[in-house]
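S.K.: Fold the stuff below for me.
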Amino acid sequence: MTVSALTFDSESLADTARLGNAVAAVARPRLVIGLTGHLGAGKTALVRSIAQGLGAPAEAVSSPTYVLVHEYEGTLPIYHFDTYRLEDPAQFSALGVEEYFEGEGVSLVEWADRVPDVLPSDRIEIRVTSFGESKRQFKISATRPKSARVLERIAASLAN
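M.R.: From the prediction side, this is the model:
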């Protein structure tokens, strides 16, 4: 099965948790996931679900808007970035993000559309759109062959 894009509709936080668990189930070191969507769309809720799926406590996960990066311990290290308040991509790069991306953990980058040239060319991209209080649509895509294989495993995990 070749999957280059996947749409997941969520009616509740439980559905979002299901998606997060599916992503966590296939996560490997050096996986980079870029998240985009408007303020309040549900990016941090998805990050929380992925982190929980990797064994991090849910209460540890918060938006790193003012800190720029949070690190969580789970079965893999989790690096949670937020580029919303950065003036330009060079500030993001100055954090040493390449070391995170090449490390032993999973990198989750909120507002990834603000720093596309700093992100690895092979990554998963998730666009979150909200429809009212609890409905969300997650459009997930892969940018290269390695991330396409990850996306195929996410799709298979959701099918089970």
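S.K.: okay, CA-based contacts and neighbour counts for the rest of this
M.R.: Noted.
S.K.: Can you check the pLDDT for residue 158?
M.R.: Confidence at residue 158, expressed as pLDDT, is 94.
S.K.: On the three-state scheme, it is what?
M.R.: Assigned state for residue 158: helix (three-state reduction, DSSP: H, G, I helix; E, B strand; the rest coil).
S.K.: Quick check: phi and psi at the closest residue in space to it that isn't next to it in sequence.
M.R.: Spatial nearest neighbour of residue 158, chain neighbours left out: residue 22 (6.0 Å); criterion: Cα to Cα, 6 or more residues apart in numbering. Main-chain torsions, residue 22, degrees, to the nearest 10: phi -60, psi -40.
S.K.: ok, residue 22 touching residue 150?
M.R.: No. The pair residue 22 and residue 150 fails to qualify as a contact (Cα atoms under 8 Å) at a distance of 10.6 Å.
S.K.: How many residues are close by residue 53?
M.R.: 23 (other Cα atoms under 10 Å).
S.K.: residues touching the closest residue in space to it that isn't next to it in sequence, list them.
M.R.: Nearest in space to residue 53, with sequence neighbours left out and distances taken as Cα to Cα, 6+ apart, is residue 21 at 4.8 Å. Residue 21 is in contact with 49, 50, 52, 53, 54, counting by Cα atoms under 8 Å, 6 or more residues apart in numbering.
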